[in-house]
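Student: Attaching a predicted model along with its sequence, questions to come.
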Amino acid sequence: MTAAPRLEAVRVHPDDALARPLFAELAVEYDTRYRGLFGDTSAEFARHPAEEFLPPHGELVLLLEDGVPVAGGAFRRHRDPGTAEVKRMWTASAHRRRGLARRILAELEQRAAARGYTRLYLTTGPLQPEARALYLAAGWTPLFDPAAPRPTELEAMRGLPPADLLYAFETSLGGTP
């Protein structure tokens, strides 16, 4: 009889060795899906320094299975008062379709609320339908018209401003904003 895998949510520093698989796989995923649509992936990661994802204003949370990172996500302070922005949502490709992203999202919501945030905000890209479906299924409010068609061909998207490509969502964490 094999024991069930043990899952544990832990806060780590963005430079921690445990976080490296998250960033490495995210970079490959973004580069493969978007092929430069949003610019250089490493520049995007550098745009938000590690300090933004550290307490007291943020956290990077990994879900470890028997000590190995299988999913993760982070939040940082957003420019709107009382709001945190979710970034770096990731599930290892070998561990998808197990509800791990939903678990990380719930963990980030709980931790952000504990830090006093009353609202969470996030964006996802147009070529990540599974992320879009996750946020809708988790009860997040879309800040776009989900029924309005958008282009899905890279060349058609290259002519649009980045803000017109992103799918933005928000959720309330209770309290007053």
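Tutor: Sure thing, it's come through.
Student: okay, CA-based contacts and neighbour counts for the rest of this
Tutor: Will do.
Student: where's the residue lying closest to residue 26 once chain neighbours are set aside relative to residue 131, distance?
Tutor: Take residue 26 and drop its neighbours on the chain: the residue closest to it by CA to CA, 6 or more residues apart in numbering is residue 90, 6.8 Å away. Here residue 90 is placed at a distance of 10 Å from residue 131 (CA to CA, to the nearest Å).
Student: sorry, back to before: quick check, the residue nearest to residue 26 in a strand?
Tutor: Yes. Counting by DSSP: H, G, I helix; E, B strand; the rest coil, residue 90 is found in a strand.
Student: my read: it touches residue 73, true?
Tutor: Yes. With contacts counted by CA atoms under 8 Å, residue 90 reaches residue 73, the gap being 6.2 Å.
Student: returning to what we had before: give the contact list for the residue nearest to residue 26.
Tutor: 22, 26, 71, 72, 73, 101 (CA atoms under 8 Å, 6 or more residues apart in numbering).
Student: Show me where this structure has its strands.
Tutor: Under the criterion DSSP state E, the chain contains strands at 7-12, 59-65, 68-77, 83-91, 119-124, 141-142, 167-172.
Student: Present those as CSV; the columns should include mean pLDDT and distance to residue 18.
Tutor: Output for the strands of the chain, formatted as CSV (pLDDT from 0 to 100; distance: least, CA to CA, whole Å):
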stretch, mean pLDDT, distance to residue 18
strand 7-12, 95, 8
strand 59-65, 96, 8
strand 68-77, 96, 6
strand 83-91, 95, 13
strand 119-124, 96, 24
strand 141-142, 96, 32
strand 167-172, 95, 28
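Student: Of all those strands, which one comes closest to residue 36?
Tutor: For residue 36, the closest of the strands of the chain is strand 119-124, at 15.4 Å, according to CA to CA.
Student: what's the closest one packed up against?
Tutor: strand 83-91, strand 167-172 (3 or more CA pairs under 8 Å, 6 or more residues apart in numbering; DSSP states H and E).
Student: just the ones you listed: most buried one?
Tutor: strand 83-91 (a mean of 23; mean count of other CA atoms under 10 Å).
Student: how about stretch 75-85: buried residues?
Tutor: Within stretch 75-85, the residues that qualify as buried are 75, 76, 77, 78, 82, 83, 84, 85, counting by 16 or more other CA atoms under 10 Å.
Student: Stretch 131-151 now?
Tutor: 131, 132, 135, 140, 142.
Student: For the protein, which element, helix or strand, carries the lowest mean pLDDT?
Tutor: Sorting the helices and strands of the chain by mean pLDDT, DSSP states H and E puts helix 41-47 at the bottom, at a mean of 75.
Student: send the alpha carbons of it over as CSV?
Tutor: Taking Å, rounded to 0.1, in the frame of the first residue of the first chain, the C-alpha atoms of helix 41-47 are listed here in CSV:
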residue,chain,number,x,y,z
THR,A,41,9.9,36.9,-20.6
SER,A,42,13.0,37.5,-18.5
ALA,A,43,12.3,41.3,-18.7
GLU,A,44,8.7,40.6,-17.5
PHE,A,45,10.0,38.7,-14.5
ALA,A,46,12.6,41.4,-13.7
ARG,A,47,9.9,44.1,-13.9
